[in-house]
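# Here's a sequence, model it:
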Amino acid sequence: MPEEKQNKEGSKKEKTGLFRTLKFQMTATYLILLGITFFGIWFFNDFLLEKNYLKYKRDNLMEVYSVIDSANQEDSFGEDEFENEILRLCNNYNVNFVVTDASSNTIYSNIKDPGQISRQLRDIVFARDNIEKKMIEETDEYSLCYLPDPATGTEYAVLWGNLDDDRFFMIRTALESIRESARIANKMLLCIGAVAFVIAGVIIWVVTNRVTRPIMRLVDVSKRMSDMDFEARYTGCCGNEVDLLGDNMNRMADSLEDNISRLKTANLELQRDVEARMHTDERRKEFLANVSHELKTPIALIQGYAEGLKDGIIEDQESRDYYCDVIMDETKKMNHLVKFLISLNQVESGEDVMVIERFDLDALISASVNSFAQMCEQKEIKMIYTPQPGLFVWGDEYQVEEVLRNYISNAVHHCSGRKEIIIKVVRTEDKIRTCVFNSGEAIPEESLSRLWEKFYKVDKARTREYGGSGLGLSIVKAIMESLHQQYGVRNYDDGVEFYFELSTK
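Numbers count the residues shown, from 1 in each chain. A predicted model of the protein is given here:
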């Protein structure tokens, strides 16, 4: 149940949609900020620009009024300093003004024909109820309003009042159609904003893609590491925080691989110790019985031929040489048998410590094929293996090589017919199966289940002919069971195939 739940959670994470990706969130955030910026500019244009513009015009009028009032108090109209200052302000602010007496006679003006302004001032002062105006501010010294010109239709900001008892002034400046200007500006802003929004969106998408690409590489590396693939490595060249994280993940992968190797080794040793304690006595009894049985025949032969030599029953040199050859051959077979027995006993008893590590199975197979090449050539056997680099598996490399060499050795000795040995590997989800096929006669069905027994021989005469002891497949069985991996044999119409499996995780 926990494993099923974990698989569902992993599947759910893999199906995360576009809207939850960092790339989309970053792009959406930038575009929202850009949209808020354009909305702020539009809001200012539509609601605040007119108020700021009118405030600016009022300040212009008040500044000109201040200069005129000061000149009136000092009676400096017409002096160069006054004229220079007032002309500068009027030109900069687009302002016209007139100062008149009580009879509407012009005392001073910045325009050549101040009649229109004078009439407008007279109309305001003496007939103000007949003029449509929007009063903005009114004090004892001056009044400020927005006033349309009936003749031209132009709207003015007008500041008027009395300087003293017999002098009046009026200052006005034309008000451009600020609402029309704001509408045009908003239309322009909308067009520019739409283009900028699209361009910014593309640029932001490209930039965020560059930012998130190394993060996605990290995600891929972490996923492969979670699947126990410690060959996964992150490579980056920017030297930023993501690259530093990738370097740390690479170091973590090395550390995890080493620790898992140790844990697997320790776990395998613990399992083997438990099993070994349960079966030690049985193995020892069986071992002694089989050894006694296998050594009986060669010892009897050696004893018989040795006694014949000692008694002098052989007179010619050729017969004596034959007796000696038989003794040496049987001694060699006994020595070979003892070595096999020692190796088998070490594996079954746990004395031969398994070192579980990750190694390249392809390299091991290629080396084994090369070591049997000369023997195959002598027997005119064709051995076929297609290298497949990158076959990394977990196991004890030395013991796995022993299994493979036993399979190949049996295949060489039993190969017949078209004389072919085919070695192949088959990948599954988390396993790699290694198969060794040899052409020739099939193994009898009743013997298939007994092949892995100690000292069992299908064809005793042929096995003895090449010095076989019947222990090779027993060693294979002991090693594979110590590794807790599958092994077996299958008959085909034209030969036999032995196989074993190793884990990739």
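# Could you report the distance from the residue of the chain most remote from its centre to Asp166?
Largest separation from the mean C-alpha position in the chain: Ser103, at 90.3 Å (Cα atoms, centre = their mean). Distance of Ser103 to Asp166, computed by Cβ to Cβ, to the nearest Å: 9 Å. (C-beta placed from N, C-alpha, C; glycine too.)
# where exactly do the helices run in the stretch 1-150 of the chain?
2-14, 22-43, 49-74, 80-93, 115-126 (DSSP state H, counting those that start in this stretch).
# what pLDDT does Val369 get?
pLDDT, Val369: 91.
# since we're on it, how many residues are nearby?
18 (other Cβ atoms under 10 Å).
# mind listing what's buried in the helix or strand harbouring it?
Using DSSP states H and E, Val369 sits in helix 361-371. Residues of helix 361-371 classed as buried: 361-362, 364-366, 368-369 (neighbour count, 16 or more other Cβ atoms under 10 Å).
# Then stretch 107-114?
107-110, 114.
# CA atoms only for that stretch - export them in CSV, please.
Provided in CSV are the C-alpha atoms of stretch 107-114 (Å, rounded to 0.1, in the frame of the first residue of the first chain):
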residue,chain,number,x,y,z
ILE,A,107,-1.9,101.4,-18.0
TYR,A,108,0.3,98.5,-19.0
SER,A,109,-0.1,95.3,-21.1
ASN,A,110,2.2,92.7,-22.7
ILE,A,111,0.2,92.8,-26.0
LYS,A,112,-0.1,95.5,-28.5
ASP,A,113,-3.9,95.5,-28.7
PRO,A,114,-5.2,94.9,-25.2
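# and that stretch, how far from the chain's centre?
Offset of stretch 107-114 from its chain centre (Cα atoms, centre = their mean, to the nearest Å): 80 Å.
# For Phe44, give its distance to Ala200.
Applying Cβ to Cβ to Phe44 and Ala200 gives a distance of 20 Å.
# With distance to Gly161 added, can I get the buried residues of helix 361-371 in TSV?
Output for the buried residues of helix 361-371, formatted as TSV (distance: Cβ to Cβ, whole Å):
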residue	distance to Gly161
Leu361	104
Asp362	103
Leu364	108
Ile365	109
Ser366	108
Ser368	114
Val369	114
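# Just want the angle from the helix or strand hosting Ile408 to helix 361-371.
Assigned by DSSP H and E, Ile408 belongs to helix 397-414. Interaxial angle, helix 397-414 versus helix 361-371 (axes from the mean of the first three to the mean of the last three Cα atoms, to 10 degrees): 40 degrees.
# Show me what counts as buried in helix 397-414.
Quick answer for helix 397-414 (16+ other Cβ under 10 Å): 397, 399-414.
# right, and the helix or strand after it?
strand 420-427.
# What is that following strand packed up against?
Applying 3 or more Cβ pairs under 8 Å, 6 or more residues apart in numbering; DSSP states H and E, one finds that strand 420-427 contacts helix 361-371, strand 382-385, helix 397-414, strand 431-439.
# Quick one: those as JSON lines, columns for distance to Ser66 too.
Listed next are the helices and strands packed on strand 420-427 as JSON lines, based on distance: least, Cβ to Cβ, whole Å:
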{"stretch": "helix 361-371", "distance to Ser66": "96"}
{"stretch": "strand 382-385", "distance to Ser66": "104"}
{"stretch": "helix 397-414", "distance to Ser66": "99"}
{"stretch": "strand 431-439", "distance to Ser66": "96"}
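# so which of the ones you listed comes closest to Ala276?
helix 397-414 (15.6 Å; Cβ to Cβ).
# follow-up on the earlier one: redo the helices of the stretch 1-150 of the chain as CSV? Include mean pLDDT.
As requested, the helices of the stretch 1-150 of the chain are exported to CSV (pLDDT from 0 to 100):
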stretch, mean pLDDT
helix 2-14, 49
helix 22-43, 75
helix 49-74, 86
helix 80-93, 88
helix 115-126, 66
